[in-house]
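A.B. asks: Provided below for reference: sequence and predicted model.
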Amino acid sequence: MKEDGRPGFESFERVCKDEPWFEAYRITSDIFVIHEPRHYEGTTLTLIIGTQVALLIDTGCGIGNLRPLVERLTDKPVLVVNTHTHLDHLGANYQFDNVAMFDHPVTRRIAEHGVSSTEYQFEILCDGLVEGPLPEHFDAHSAILQPFTVSRWLQDGDQIDIGGSQLEVLFTPGEAVDNFCLLDRYRRILCSSDIVLLGGVWSHLPGGNVHDLAKSYQRLMVHFDDFDHIMPSHGPTWLDKDLLPEMLAGVQAVLSGASKAVSCTDPWGRRFQNHKFDCFGIQIR
Ligand SMILES: [Zn+2]
């Protein structure tokens, strides 16, 4: 059903159209995505509704009022899972009671201390990142990432039971030190966080490592027969799984020297080498 023309989302029914900051789409009868189109990050949150629990994968930049929107999409208790600790994935954690994160020292530090207003302003609100007006409830001057309580610390290989199905935690560093993907064999989807997506993989950020990224792609390839679609944490969703072997070949070309890079600067002033392929890029320092 075509409802909205946004590239990458035009095949899906847009729901809750009066929501001022996010755009929500129904992907299947029990999967929604919530996209943040007016922030440069273009974060895409995935909501998978089990028979007992609704799993919310990432919480975005913290600008929109996320919880009421999620509660319009499901009446199940919500478990938040953050795929890693970059700020555009954790912003609204403070609105939720149940949060599961990967057990890593970096993750534990951020959950315990949050981040300062200065860091939040730089990462989320610096010039050019937000298009159009901020929501009325959001006070940009006092915005910080508040500390939050983690109710479950995840390990590699853990299963998250949402009633009727489980999602497996696959530790996949390379863009962030604590990044993981979630494999839902029942729905045949791979929730691929920031490492398999249409766009750039930001391995030039602190904690990024292109060798780890290659190993993570190889690890995901082991499960290639277990899923059909890829649901990333940025941009368009419900991607064909053939993107994964293309990205593995891309990162191997980067490592072997077969790929040429162009020097670029990101909106935060960080220099990087961009290895550009047809529909994705591998960004390294
Ligand atoms: Zn991200």
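C.D. replies: Received the coordinates, thanks.
A.B. asks: so what's the most centrally placed residue in the chain up against?
C.D. replies: By Cα atoms, centre = their mean, the mean C-alpha position of the chain lies nearest to S233, the distance being 2.6 Å. Going by Cβ atoms under 8 Å, 6 or more residues apart in numbering, S233 touches 43-46, 57-58, 83, 89, 191-194, 197. Every residue, glycine included, has its C-beta placed from N, CA and C.
A.B. asks: quick one, helices of the stretch 51-200 of the chain?
C.D. replies: Along the stretch 51-200 of the chain, the segments classed as helices by DSSP state H, counting those that start in this stretch run 66-73, 105-113, 117-125.
A.B. asks: Next, the contact list for the residue in the stretch 151-285 of the chain that the ion sits nearest to, please.
C.D. replies: Using Cβ to the ion, D194 is the residue of the stretch 151-285 of the chain that sits closest to the ion, at 4.3 Å. Contacts for D194 (Cβ under 8 Å, 6+ apart) come out as 83-84, 86, 175-176, 179, 201-202, 232-234.
A.B. asks: now swap in R72 and tell me
C.D. replies: So R72 contacts C16 (Cβ under 8 Å, 6+ apart).
A.B. asks: What of the one 5 residues further on?
C.D. replies: If you count contacts by Cβ under 8 Å, 6+ apart, P77 has them with 52-54, 98.
A.B. asks: any idea which of the residues you listed has the most stuff around it?
C.D. replies: The residue in these with the most neighbours, by other Cβ atoms under 10 Å, is A54 (22 neighbours).
A.B. asks: Pull up the gap between it and V80, please.
C.D. replies: With distances defined as Cβ to Cβ, to the nearest Å, the gap from A54 to V80 amounts to 10 Å.
A.B. asks: Wait, I162 touches V53, no?
C.D. replies: Yes. Using Cβ atoms under 8 Å, I162 is in contact with V53, at 4.4 Å.
A.B. asks: near the ion, which residues of this protein?
C.D. replies: 86, 88, 194 (Cβ under 5 Å from the ion).
A.B. asks: Redo these as JSON lines? Include pLDDT and distance to H104.
C.D. replies: Formatted as JSON lines, the residues of the chain next to the ion follow (pLDDT from 0 to 100; distance: Cβ to Cβ, whole Å):
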{"residue": "H86", "pLDDT": "95", "distance to H104": "13"}
{"residue": "D88", "pLDDT": "95", "distance to H104": "18"}
{"residue": "D194", "pLDDT": "97", "distance to H104": "15"}
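A.B. asks: so which of those residues comes closest to H223?
C.D. replies: Set against H223, the nearest of the residues of the chain next to the ion by Cβ to Cβ is D194 (18.0 Å).
A.B. asks: From the ion, how far out is D103?
C.D. replies: 20 Å (Cβ to the ion, to the nearest Å).
A.B. asks: And for that residue, the neighbour number?
C.D. replies: Using other Cβ under 10 Å, D103 has 16 other residues around it.
A.B. asks: so it sits right up against R152, yeah?
C.D. replies: No. D103 is not in contact with R152 according to Cβ under 8 Å; the separation is 9.4 Å.
A.B. asks: Look up the residues forming beta bridges with Q159.
C.D. replies: Assessed by DSSP bridges, Q159 has beta-bridge partners E168.
A.B. asks: Quick check: pLDDT value at it.
C.D. replies: As predicted, Q159 sits at a pLDDT of 98.
A.B. asks: Now do the same contact list for it.
C.D. replies: With contacts defined as Cβ under 8 Å, 6+ apart, Q159 is in contact with 166-169.
A.B. asks: Name the member of the residues you listed that has the highest neighbour count.
C.D. replies: L167 (25 neighbours).
A.B. asks: quick one: which of the contacts of S233 sit in strands?
C.D. replies: Residues from those lying in strands, with DSSP state E as the criterion: 44-46, 57, 191-193.
A.B. asks: still on that earlier bit, mind pulling up the pLDDT for the residue nearest to the centre of the chain?
C.D. replies: We note a pLDDT of 98 for S233 in this prediction.
A.B. asks: again, but for M1
C.D. replies: You'll see M1 listed with a pLDDT of 40.
A.B. asks: related to what we said a few turns ago, mind listing the shared neighbours of I162 and V53?
C.D. replies: L79.
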